[in-house]
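Enquirer: Give the three-dimensional model of this entry:
(chains A, B, C and D)
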Number of protein chains: 2
Amino acid sequence: MELVRIYQCFCDRTRLRILHLLTKSPLCVCHFQEILNEPQVKISKHLSYLKNRGMAVAVREGNWMIYSLPARKDAELTRNLKCLQDCAQSDPVFGRDLKQLGVLQRSSCQPAAIFSAGTRGRRK
Amino acid sequence: MELVRIYQCFCDRTRLRILHLLTKSPLCVCHFQEILNEPQVKISKHLSYLKNRGMAVAVREGNWMIYSLPARKDAELTRNLKCLQDCAQSDPVFGRDLKQLGVLQRSSCQPAAIFSAGTRGRRK
DNA sequence: TTGCAGTATTCATCTAAGGGAATATACTCG
DNA sequence: CGAGTATATTCCCTTAGATGAATACTGCAA
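Expert: Reported below is the predicted structural model:
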């Protein structure tokens, strides 16, 4: 029952915000810290949790660890991520996260891998 | 964050099977026992869990307690139940549950409320 | 090398949850 | 009423998970 593992990843508020952000862009740990305004250990552990369950992959870029969604997602995950994105539109928390994400992406330092892995975008 | 509550209900295998069955028909506790082949206490507790979180409602019909999905579901729940149904098609566990459900519905005793509340069907 | 930034891990604590045995409750029928 | 059926609850145990403080690790730059 693969599905249960997905929902286990979805069933924590912090992880849900992380996953939602990941549907938009790969991000490094410190970005999550800023956007979610949560301590480093908390973010790092939730990312580990996701990685251990195959819901996220990490690549190193210098000091940064860039997390993203797995390149190949099975149908169940794809469907549920889509559903999450739909649902997120009606919850202000996710809206605020996206807004913060925009601010960050427009700001100074950006590991190159974020853009090579994800959205096209200007380097700083 | 209403969404998290939904995923908390979804993140256990037994509950997921229960919810999936409920998308098809209201059912009483003993039906879940038979279909899922799990002990009464286990079923009963998971149903309580769902009820306490507004994911199920119960009405008494004589000795039976008939559980069903709430009549009014918000958009998030509706979307996720739909997603669950889609995903369920690719997992044999859910398929077997549905088959068992069919057997039960064709068999002898049926509390009236199951049909008044849910699928049209012949009373025994 | 040293120092530092970014990240991960360890240790400890607390709480929620899952599970089962036994018991209690609610209702029906005779 | 008493017996039986269906369901809920209590008690107990065990484990997973969430969190934070402190510490360790990793790679870069001077």
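Enquirer: show me the contacts for A:Glu2.
Expert: Contact analysis of A:Glu2 by CB atoms under 8 Å, 6 or more residues apart in numbering or on different chains lists A:Asp74, A:Glu76, B:Asp91. Yep, even glycine has a C-beta here, placed from its N, CA and C like the rest.
Enquirer: quick one: which of these sit in helices?
Expert: Judged by DSSP state H, those include A:Glu76 as members of helices.
Enquirer: Got the confidence number for A:Asp86?
Expert: Looking at A:Asp86, its pLDDT is 98.
Enquirer: Now the helix or strand containing it: buried residues?
Expert: Assigned by DSSP states H and E, A:Asp86 belongs to helix A:75-88. Residues A:Glu76, A:Leu77, A:Arg79, A:Asn80, A:Leu81, A:Cys83, A:Leu84, A:Cys87, A:Ala88 are the ones in helix A:75-88 that count as buried (16 or more other CB atoms under 10 Å in any protein chain shown).
Enquirer: chain center to that helix, what's the gap?
Expert: Relative to its chain's centre, helix A:75-88 lies at 14 Å (CA atoms, centre = their mean, to the nearest Å).
Enquirer: Quick check: residues of chain A near chain B?
Expert: A:1-4, A:7-8, A:10-13, A:16, A:75-76, A:79-80, A:82-84, A:86-88, A:90-91, A:93 (CB under 8 Å from any CB of the partner chain).
Enquirer: Show me where chain A has its helices.
Expert: Using DSSP H, helices in chain A cover A:2-10, A:13-22, A:29-36, A:40-52, A:75-88, A:92-106, A:112-117.
Enquirer: what packs against the helix holding A:Asp86?
Expert: helix A:2-10, helix A:13-22, helix B:2-10, helix B:75-88 (3 or more CB pairs under 8 Å, 6 or more residues apart in numbering or on different chains; DSSP states H and E).
Enquirer: what stretches of chain A score poorly on pLDDT?
Expert: A:1, A:108-124 (pLDDT under 70).
Enquirer: Report the spatially nearest residue to the most centrally placed residue in chain A, omitting neighbours in sequence.
Expert: Centroid check for chain A by CA atoms, centre = their mean gives A:Leu22 as the closest residue, at 2.7 Å. Computed as CB to CB, 6 or more residues apart in numbering or on different chains, the closest residue to A:Leu22 that is not its neighbour in sequence is A:Leu69, at 5.0 Å.
Enquirer: Tell me how many other residues crowd the one you found.
Expert: 20 (other CB atoms under 10 Å in any protein chain shown).
Enquirer: List the contacts of it.
Expert: A:Leu19, A:Leu22, A:Thr23, A:Met55, A:Ala56, A:Val57, A:Leu81.
Enquirer: Residues of chain A that sit close to DNA strand C?
Expert: Chain A comes close to DNA strand C at residues A:28-30, A:33, A:40-41, A:44-45, A:47-48, A:58, A:63-65, as judged by CB under 7 Å from any atom of the strand.
Enquirer: 10 Å instead?
Expert: A:4, A:8, A:11, A:27-34, A:39-49, A:51-52, A:56, A:58, A:60-67, A:109, A:111 (CB under 10 Å from any atom of the strand).
Enquirer: Buried ones among those residues?
Expert: Buried members of the residues of chain A next to DNA strand C, scored by 16+ other CB under 10 Å, are A:4, A:8, A:11, A:27-34, A:43, A:46-47, A:49, A:56, A:58, A:61, A:64-67, A:111.
Enquirer: Distance of the residue nearest to A:Glu76 when sequence neighbours are not counted relative to DNA strand D?
Expert: In space, and not counting its chain neighbours, A:Glu76 is closest to B:Cys87: 4.7 Å by CB to CB, 6+ apart. As judged by CB to the nearest atom of the strand, to the nearest Å, B:Cys87 and DNA strand D stand 20 Å apart.
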